[in-house]
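Participant: After the sequence you'll find the predicted model.
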Amino acid sequence: MVVFAVEAALFQVFLAADDAVPDPLLQHRQAWVVHAPDGRTERVDPSGLARWNGSLTIISDKAAFPDLYTISPGTDTSVPMTAVGTAIPREAGTDTEGLAVCGEELLIVVERENQLVRMHRAGPATVIHLHLDALDSTVPPQNTWLNAGLEGVACAPDGRVWVAKEREPRAIFQVDPTTGAAVSVWDAWSRSDTVQQADRTRFWPSWSDLQFTDGSLYALHRDGRRIVRLDPTTGKETGAVRLALDEASLYNDTKPYGMAEGMLIEEDRIWVILDNNTNTMKAGPRAQEPAPMLFVYDRPAGF
């Protein structure tokens, strides 16, 4: 039986002061290899995670997987994606990324096309183009974003919606979900927390998912292996945890950036799903094949 042991993180969070208290380090309590519905070996690239109709639901940013999919992790070390028969609207792009539940709707962001997809539980879907350029001149025009664009979406019970721009530079926008217009943007503060690599070089970690829960906005740092809690009005960081996650211990030829793409925070647990990209696994049921992974962590009290 293969045990998926995650070694100490390759990256460490750079602390601005010597006496700063490190973020709590979370070790996963269980892990699963995720594979395509028919078991074939290819890139699946999960890119969003939510609980929809009671099930863990994911999307893929690959055109070959245009549906919503559920995963039902159990005692086995692998879990298949199951298509639920609900396809992303054709007028939307195929680079689907963030996923969030908003009342009776499921929200999806499309990276390259800068779209917000609103899929109603019992009605037709709506595709809205997001207009984000006017708020901050330091954020490059949307037509230049390509694969440095939208990665996450979150919704508050009062209808506020946020989307996360991945990098170059990172930014979190609040948007009007009806018109697609930006309401506000947090940018400058989000470039202040650098991550230091083992070779002492530093970089600004990418956002890869958002979630609103318990009155706060949570954001996943893909490269930094952190989940940060933000004040939803000011964007100020109010807490954080680190994930004991080192993809280099799991995958061959891991590039110097993280693959954590999806996050779901529930009452007592935190789910994180990895985008496998082209990397093949070192061991396990899909050894030397590309496959993403799903992890579950205990949610710390007060976070």
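Facilitator: Arrived safely, thanks for sending.
Participant: can we go C-alpha only for contacts and neighbour counts from here?
Facilitator: Will do.
Participant: Tell me which residues touch D76, please.
Facilitator: By CA atoms under 8 Å, 6 or more residues apart in numbering, the residues touching D76 are W32.
Participant: Quick one: classify it as helix, strand or coil.
Facilitator: coil (DSSP: H, G, I helix; E, B strand; the rest coil).
Participant: same question, I59
Facilitator: The local conformation at I59, judged by three-state DSSP, is strand.
Participant: Any idea what it is bridged to?
Facilitator: With DSSP bridges as the criterion, I59 is bridged to G48.
Participant: Q174 and R160, how far apart?
Facilitator: From Q174 across to R160, the span is 7 Å (CA to CA, to the nearest Å).
Participant: Between those two, which has more neighbouring residues?
Facilitator: Ranked by neighbour count (other CA atoms under 10 Å), Q174 and R160 place Q174 first, with 23 against 16.
Participant: ok, the more buried one to A134 distance?
Facilitator: Q174 sits 13 Å away from A134, going by CA to CA.
Participant: How about L250?
Facilitator: L250 is 42 Å from A134, by CA to CA.
Participant: neighbour-wise, which of these two wins?
Facilitator: Legend: neighbour count by other CA under 10 Å for L250 and A134, higher for L250 (21 against 12).
Participant: Touching, the more buried one and R286? I think so.
Facilitator: No: L250 is beyond contact range of R286, at 11.0 Å (criterion: CA atoms under 8 Å).
Participant: Now list whatever residues contact both of Q174 and A134.
Facilitator: In contact with both Q174 and A134: A182, using CA under 8 Å, 6+ apart.
Participant: and T238, how many residues sit next to it?
Facilitator: Using other CA under 10 Å, T238 has 13 other residues around it.
Participant: Might one say that it is in contact with D231?
Facilitator: Yes: using CA under 8 Å, T238 is in contact with D231, at 6.6 Å.
Participant: Can you list the residue ranges for helices in the stretch 51-200 of the chain?
Facilitator: Using DSSP state H, counting those that start in this stretch, no helices are assigned anywhere in the stretch 51-200 of the chain.
Participant: give the contact list for G302.
Facilitator: For G302, no contacting residues are found, by CA under 8 Å, 6+ apart.
Participant: same deal with T77?
Facilitator: Counting by CA under 8 Å, 6+ apart, T77 touches A31, W32, V33, P285.
Participant: Against L56, how distant is it?
Facilitator: For T77, the distance to L56 equals 17 Å [CA to CA].
Participant: Equivalent analysis for D158, please.
Facilitator: Distance, D158 to L56, using CA to CA: 23 Å.
Participant: who's more crowded, the two?
Facilitator: More crowded of D158 and L56, by other CA under 10 Å: L56, with 16 against 8.
Participant: Now do the contacts for the more buried one.
Facilitator: By CA under 8 Å, 6+ apart, the contact set of L56 is L49, A50, T70, I71, S72.
Participant: 10 Å instead?
Facilitator: Under the criterion of CA atoms under 10 Å, 6 or more residues apart in numbering, the neighbours of L56 are L49, A50, Y69, T70, I71, S72, P73, L264, W271.
Participant: Turn the buried ones among those into a named PyMOL selection, would you?
Facilitator: This is how PyMOL selects the buried members of these, with burial counted by 16 or more other CA atoms under 10 Å:
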select buried, resi 49+50+69+70+71+73+264+271
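Participant: Settle this for me: V33 is touching D275, isn't it.
Facilitator: No: applying CA atoms under 10 Å, one finds V33 not in contact with D275, separated by 11.2 Å.
Participant: list residues touching both of these two?
Facilitator: Joint contacts of V33 and D275 (CA under 10 Å, 6+ apart) are P290, A291, P292, M293, L294.
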